[in-house]
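Visitor: Just to be clear, the model below is a prediction. Sequence and coordinates:
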Amino acid sequence: MKLFDMTGAPNPRRVRVFLAEKGIDIEKVQVDIMEGENLQSDYLSINPRGVLPTLQLDDGTIIDETTAICRYFEETTPSPALYGQDAKSKALIESWLRQIESDCFTPTADVLRNSNSVFENRSIPGTNNTPQIPALSDRGTDRVLAFYSRLNKHLANSQFLVGNAFSMADITAMCTIDFAEYVGIAVPADLSNLSKWREKVNSRPSAQA
Ligand SMILES: N[C@@H](CCC(=O)N[C@@H](CS)C(=O)NCC(=O)O)C(=O)O
């Protein structure tokens, strides 16, 4: 089994943190997105969409999409549970995953990919050849700040995103907000619940994976 990975890219990091929390060690193959290795024939023969992460099982099956890869490992290694323990926590984790991806990850990627010349004609990940739209960058920053504010309010009454158990929702929010900070969208100083939660999740050994 192999994970096609890139250190420094946020979605592959979600998988690495998830695996570290589960104590799973698998072979990792680096594919450099900044150098366009994901768009070359070697990698496209594995994942024709040209995106990372991708998991290749020993029988050759290819699984892409971060959440699908992590769900595979949740089934093969159920403990510790990272997608919830019961109907309520499973549903709430799913809800947060969708909110983080649509309201924080996508707008963060919009900021980076529509403002940086490295992504000229690559404003959508993978093989799309899509030109940049600079206005999406400004809109992206506003959307991320609105999400920060919403999450800060939620964390006033919750140790982790869903109750008292660390989950895939925390992994996804941590990797996404660290990505947003790298892109230049800092967490405002007055959002203290969010800052405390970030310190807590980033101090887990898995955060370094
Ligand atoms: N929804 C996908 C998104 C995958 C994705 O966009 N990954 C980025 C890296 S974080 C990528 O492969 N970018 C390729 C590119 O920029 O061309 C997932 O969660 O796996």
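Guide: Sure, I can see it.
Visitor: how does this protein divide up, domain by domain?
Guide: 2-76, 87-208 (automatic domain parsing).
Visitor: Averaged pLDDT, the shortest one. What do you get?
Guide: It refers to domain 2-76. Averaging pLDDT along domain 2-76 gives 97.
Visitor: Which other helices and strands does the longest helix seen in the chain contact?
Guide: Ranked by residue count under DSSP state H, the longest helix found in the chain is helix 135-154. Helices and strands touching helix 135-154, by 3 or more C-beta pairs under 8 Å, 6 or more residues apart in numbering; DSSP states H and E, are helix 106-113, helix 168-183, helix 192-202. C-beta here means a position set from N, CA and C on the backbone, and glycine is covered the same way.
Visitor: Which among those helices is found nearest to the ligand?
Guide: Between the ligand and the helices and strands packed on helix 135-154, the shortest gap by C-beta to the nearest ligand atom is with helix 106-113, which sits at 7.1 Å.
Visitor: Just say helix, strand or coil for the residue of the chain positioned farthest from its centre.
Guide: Within the chain, the residue lying farthest from the chain centre (C-alpha atoms, centre = their mean) is residue 59, at 26.3 Å. Under DSSP: H, G, I helix; E, B strand; the rest coil, residue 59 falls in the coil class.
Visitor: Please identify the residues of the chain in proximity to the ligand?
Guide: 9-11, 33, 38, 50-53, 65-66, 122, 125-126 (C-beta under 6 Å from any ligand atom).
Visitor: 5 Å - rerun?
Guide: Counting by C-beta under 5 Å from any ligand atom, the positions of the chain adjacent to the ligand are 9-11, 33, 51-52, 65-66, 125.
Visitor: what would these look like in a markdown table with neighbour count and secondary structure?
Guide: Converted to a markdown table, the residues of the chain next to the ligand look like this (neighbours: other C-beta atoms under 10 Å; DSSP: H, G, I helix; E, B strand; the rest coil):
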| residue | neighbour count | secondary structure |
| --- | --- | --- |
| 9 | 20 | coil |
| 10 | 21 | helix |
| 11 | 24 | helix |
| 33 | 21 | coil |
| 51 | 22 | coil |
| 52 | 25 | coil |
| 65 | 14 | coil |
| 66 | 25 | helix |
| 125 | 18 | coil |
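Visitor: Identify the residues contacting residue 171.
Guide: 14, 17-18, 21, 82, 201, 206 (C-beta atoms under 8 Å, 6 or more residues apart in numbering).
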